[in-house]
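[1] I would like to see how this sequence folds:
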Amino acid sequence: MMRRKALLVLAMIFLGRTLLFADEGMWIPLFLGQINEKEMQAKGMKITAEDIYSINKTCLKDAILLFGGGCTASFVSDQGLILTNHHCGYSSIQSHSSLQNDYLKNGFWAMSKNQELANPGLTVTMLIRMEDVTKQALEGVSSLMNETEREKRIEKNCAVITKKAIEGTSYTAYIRPFFYGNQFFLFVTEVFRDVRLVGAPPSNIGKFGGDTDNWMWPRHTGDFSVFRVYANKENKPAEYSPENIPYKPKNFLKVNLKGVDKGDFTFVFGYPGHTSEYLTSYAVNQIANIDNPVKIKLRQKRLDIIGEGLNSSDLIRIQYSAKHASIANYWKKMIGESKGVNRMNGVTKKQEQEKTFTAWVNENAERKAQYGGLLASLEKAYNESISGNLAYDYFAEAGLSPEIVRYSRNFERLINFCKKEDVTQKGVDSLVSLFKLGIPPYFKNYNTATDQKIFAAMMEMYVKGCDAAWLPKVMNDVKIKAKGNYNRFAAEFFKESIFSDEAKLMTFMNNFKKKSYRRIEKDPAYILAQGLYEDYKTRVMPVLSASQDLIDSLQRVYMKAMMEMQPNHTFYPDANSTLRVAYGNVDGFSPVDGVYYQHFTTLKGIMEKENPSIFDYRVEPKLKELYQKKDYGRYANKNGEMTVAFIANNHTTGGNSGSPVLDAYGNLIGLNFDRAWEGTMSDLMYDPEICRNITLDIRYCLFVIDKFAGAKHLVDEMVIVY
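    Okay, the predicted model is just below:
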């Protein structure tokens, strides 16, 4: 009797997570009607699940886009106009920027369609339909198969499924595993390749607060950019052409200027990247307390060096702003994630769940035979993976972080081509001409002095930090040559390498003969790059692959067992860059004792943060003028203020950047662009008391477009509701 009561208490501890974290989840839109509709409507939603996702009629799904490879965007007009975040469009804005046309600093606005700028390589992807194909994907899969055999069988099955799904169409298709390979879904998509930049605010609006405010609340960043999708005259996807016309989407979002109040229902519709909510305590401990600290330390050093350059030169700011933001984004997230896990006593909570699981397993002889050693095997696998993971972290975060190293390895293709016996000088000249075309664009965004400082710092940290048993031979050579003076070593290294200077490299390529490849093979940057990659390929990758295969197979079984243990609980799948819905309510939060953050910020906060001596906190003169005159037009809130951002407890992650945040009727009220730093552990575990998604209020977005930029023609394209 006492044992049964103890088991019940443990079960309540485990299931308490489900009851407490009611707003948690990134849900598959296909199943909203079966799983989520009633709860969403109870929270305030006024539409139906079929209004969000339908296979029979036009729905909100048809307005949502995967932007590039890692953000979300949405159609907001019947002329292919789309909104996403400024940081999602940042690389495109940067690619068009120069000292003469500094669109990063000053912003860019196309006042007519013929001024919109093409972005080669940028795509947006629209979901046509999704389908559960678990049965077909697992056909012929046996529990007797090892992981490699299982993957090959599934891969073969999926190739057949995707081929059949798009026969006779211009669509593309892919299949993604869910619940660690216990379930599989097919996604049929349409890809658009002519996406043009329409508008972007200056960085002092679009990146206001910079990396200091990144991941933080209160937030005052106007994080948006505007693009347009073009198609051919048949309204079909096409490569860029001056003859293309604005795409006519199946659906686009209406814009609600009413705004939000505390408690209002909201939902986020987008492409969250990656979460790991069902990991064991061993995994969570490794991420938060072993892996993250090493990567944080290495990135911190790079950020310090690049930051010095950003503040010293406008040219370096243009060259390195996007790079700095990319490095800083995950650096700050990792810091918040580790702090959040430990604040929640996350490892202990996972251990409590594992005690519940163990008690459930031991209650039944059949379960004990099937799952009895599962947790012990997972613990062993994770412990054995630590050294290999850290070796990879130093390889990726230190060894490959100097651009000179990564860039030099691109020339392996030229070397291999020249070594072929039947290759003529004419053939070599043809390939060399292609390489030469890529040299000016690369060096446009490269600063030798900055990269040299990064190189010196990373080589020293690699040598001193990496376990000696895992230090690549080529890094031992670095250690010997440096003799403790890595700045001197870096100076000599960069002086000797042809990859440190555009003029030097171009001169070499202009005089390239078939046997000139030998000079590249002797270049110190190429030697280092090859040595690092060879060590990774022969030593690190096999260990990591074997370790990850074992962990994946064990985690799949653990996931299956957890679902068996809770047959009446509806599990949501981890994010995997597929279309999802997260929902909740607008609310403030208390990050620490004695402090409460309200649910919105206003333009007043920008003026309070203003600091002309710091680039990220400079306020645009025209914005200040509009504030002083309170010239907000129809975009002011009910109190006459200019709302900038708001927060809610929607469960989001990377990839949700740019996702439309919608009201109870499915109208656009904002663009998701971040999470509050205290809740960034939500990729591993969610706490509704502290986890908040940060949304750019659509009224501030339109205010900037209209009143600040004078691009009212873009607002006029949209359908406005109140």
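
[2] how far does the lengthiest helix in the chain sit from the chain's center?
    In terms of residue count, the longest helix belonging to the chain (DSSP state H) is helix 314-343. Centroid separation for helix 314-343 versus its chain: 12 Å, with Cα atoms, centre = their mean, to the nearest Å.

[3] so for it, what's the average pLDDT?
    Averaging pLDDT along helix 314-343 yields 92.

[4] got the CA positions of the following helix or strand past it in CSV?
    Counting by DSSP states H and E, the next helix or strand C-terminal to helix 314-343 is helix 346-362. The C-alpha trace of helix 346-362 is given here as CSV (Å, rounded to 0.1, in the frame of the first residue of the first chain):
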residue,chain,number,x,y,z
GLY,A,346,16.3,21.5,-14.1
VAL,A,347,18.6,18.5,-13.7
THR,A,348,17.0,17.6,-10.4
LYS,A,349,13.5,17.9,-12.0
LYS,A,350,14.6,15.6,-14.8
GLN,A,351,15.9,13.1,-12.2
GLU,A,352,12.6,13.2,-10.4
GLN,A,353,10.9,12.3,-13.7
GLU,A,354,13.4,9.4,-14.2
LYS,A,355,12.6,8.1,-10.7
THR,A,356,8.9,8.0,-11.7
PHE,A,357,9.8,6.3,-14.9
THR,A,358,12.0,3.7,-13.1
ALA,A,359,9.2,2.9,-10.7
TRP,A,360,6.7,2.4,-13.6
VAL,A,361,9.2,0.1,-15.4
ASN,A,362,9.9,-2.0,-12.3
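
[5] Of all the residues in helix 346-362, which ones are buried?
    Neighbour counts using 16 or more other Cβ atoms under 10 Å place 346-347, 349-361 of helix 346-362 among the buried residues. C-betas here are computed from N, CA, C, even on glycine.

[6] so where's this structure uncertain?
    1-22 (pLDDT under 70).

[7] Recalculate using a threshold of 80.
    1-23 (pLDDT under 80).

[8] and the angle from the longest helix of the chain to helix 346-362?
    Orientation check (axes from the mean of the first three to the mean of the last three Cα atoms, to 10 degrees): helix 314-343 against helix 346-362 gives 50 degrees.

[9] helices or strands up against helix 314-343?
    helix 90-95, helix 103-106, helix 210-213, helix 292-312 (3 or more Cβ pairs under 8 Å, 6 or more residues apart in numbering; DSSP states H and E).

[10] Mind listing what's buried along it?
    Counting neighbours by 16+ other Cβ under 10 Å, helix 314-343 gives 316-325, 327-329, 331-341 as buried.

[11] go on, stretch 215-235?
    Across stretch 215-235, burial judged by 16+ other Cβ under 10 Å covers 215-231.

[12] Same question for stretch 385-398.
    Buried residues in stretch 385-398 (16+ other Cβ under 10 Å): 385, 387, 388, 389, 390, 391, 392, 393, 394, 395, 397, 398.

[13] which residues touch the last one?
    Just to be clear, that refers to residue 398. Residue 398 sits next to 298, 458, 459, 461, 462, 465, 466 when contact means Cβ atoms under 8 Å, 6 or more residues apart in numbering.

[14] Now render the residues you listed as JSON lines, adding neighbour count.
    Conversion of the contacts of residue 398 to JSON lines gives the following (neighbours: other Cβ atoms under 10 Å):
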{"residue": "298", "neighbour count": "23"}
{"residue": "458", "neighbour count": "24"}
{"residue": "459", "neighbour count": "24"}
{"residue": "461", "neighbour count": "20"}
{"residue": "462", "neighbour count": "23"}
{"residue": "465", "neighbour count": "15"}
{"residue": "466", "neighbour count": "21"}
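
[15] Out of these, the closest to residue 32 would be?
    Taking Cβ to Cβ as the measure, residue 32 lies nearest residue 298 of the contacts of residue 398, at 41.6 Å.

[16] I'd assumed residue 461 was in contact with that closest one.
    Yes: if you go by Cβ atoms under 8 Å, residue 298 and residue 461 touch, sitting 6.1 Å apart.

[17] Show me how far the one helix or strand residue 32 maps to is from its chain's centre.
    Element membership for residue 32 (DSSP H and E) is helix 32-35. Distance, stretch centre to chain centre, for helix 32-35: 27 Å (Cα atoms, centre = their mean).

[18] do stretch 562-571 as well
    Distance, centroid of stretch 562-571 to centroid of chain: 29 Å (Cα atoms, centre = their mean).

[19] Check which residues of that stretch are buried.
    562, 565, 571.

[20] what sits against residue 59?
    Here residue 59 is in contact with 50, 51, 52, 53, 251 (Cβ under 8 Å, 6+ apart).

[21] do you know how far it is from residue 142?
    For residue 59, the distance to residue 142 (Cβ to Cβ, to the nearest Å) stands at 39 Å.

[22] just residue 396 next, same as before
    36 Å.

[23] Then residue 324?
    50 Å.

[24] swap in residue 258?
    57 Å.

[25] Which one's more surrounded, those two?
    residue 258 (14 against 9; other Cβ atoms under 10 Å).

[26] Which of the buried residues of helix 346-362 sits closest to residue 443?
    Nearest member of the buried residues of helix 346-362 to residue 443, counting by Cβ to Cβ, is residue 346, at 45.0 Å.

[27] quick one, what contacts the closest one?
    Counted by Cβ under 8 Å, 6+ apart, residue 346 has contacts 284, 288, 340, 681, 684, 685.

[28] Can you give me the neighbour number for the fifth one?
    What it means is residue 684. Residue 684 has 22 nearby residues by other Cβ under 10 Å.

[29] Who are the contact partners of it?
    Neighbours of residue 684 in contact, by Cβ under 8 Å, 6+ apart: 275, 276, 277, 279, 284, 287, 288, 337, 341, 346.

[30] Just send those back as CSV, with distance to residue 610 too.
    Below are those laid out as CSV (distance: Cβ to Cβ, whole Å):
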residue, distance to residue 610
275, 36
276, 40
277, 40
279, 43
284, 40
287, 38
288, 36
337, 31
341, 35
346, 38
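
[31] Need the three-state assignment for residue 384.
    The three-state assignment at residue 384 reads helix, by DSSP: H, G, I helix; E, B strand; the rest coil.

[32] Who are the contact partners of it?
    By Cβ under 8 Å, 6+ apart, the contact list for residue 384 reads residue 547.

[33] Give me the distance between it and residue 547.
    On the measure of Cβ to Cβ, residue 384 and residue 547 end up 6 Å apart.

[34] list the contacts for residue 357?
    Contacts of residue 357 (Cβ under 8 Å, 6+ apart): 14, 375, 561, 562, 565.

[35] Farthest pair within those?
    Largest pairwise distance in these, by Cβ to Cβ, is 13.8 Å, between 14 and 375.

[36] can you state the direction angle for the longest helix of the chain and helix 292-312?
    150 degrees.

[37] Numbering from 29 from now on, please.
    Okay, residue one is now 29; in that scheme the one you just asked about reads as helix 342-371.

[38] coming back round to it: closest to residue 187 among the buried residues of stretch 590-599?
    residue 599 (28.0 Å).

[39] List the contacts of residue 272.
    222, 258, 259, 260, 266.

[40] picking up where we left off before, next, format the contacts of residue 87 as JSON lines and append distance to residue 466, secondary structure and neighbour count.
    Converted to JSON lines, these look like this (distance: Cβ to Cβ, whole Å; DSSP: H, G, I helix; E, B strand; the rest coil; neighbours: other Cβ atoms under 10 Å):
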{"residue": "78", "distance to residue 466": "49", "secondary structure": "helix", "neighbour count": "14"}
{"residue": "79", "distance to residue 466": "47", "secondary structure": "helix", "neighbour count": "17"}
{"residue": "80", "distance to residue 466": "44", "secondary structure": "helix", "neighbour count": "24"}
{"residue": "81", "distance to residue 466": "42", "secondary structure": "coil", "neighbour count": "23"}
{"residue": "279", "distance to residue 466": "39", "secondary structure": "coil", "neighbour count": "16"}
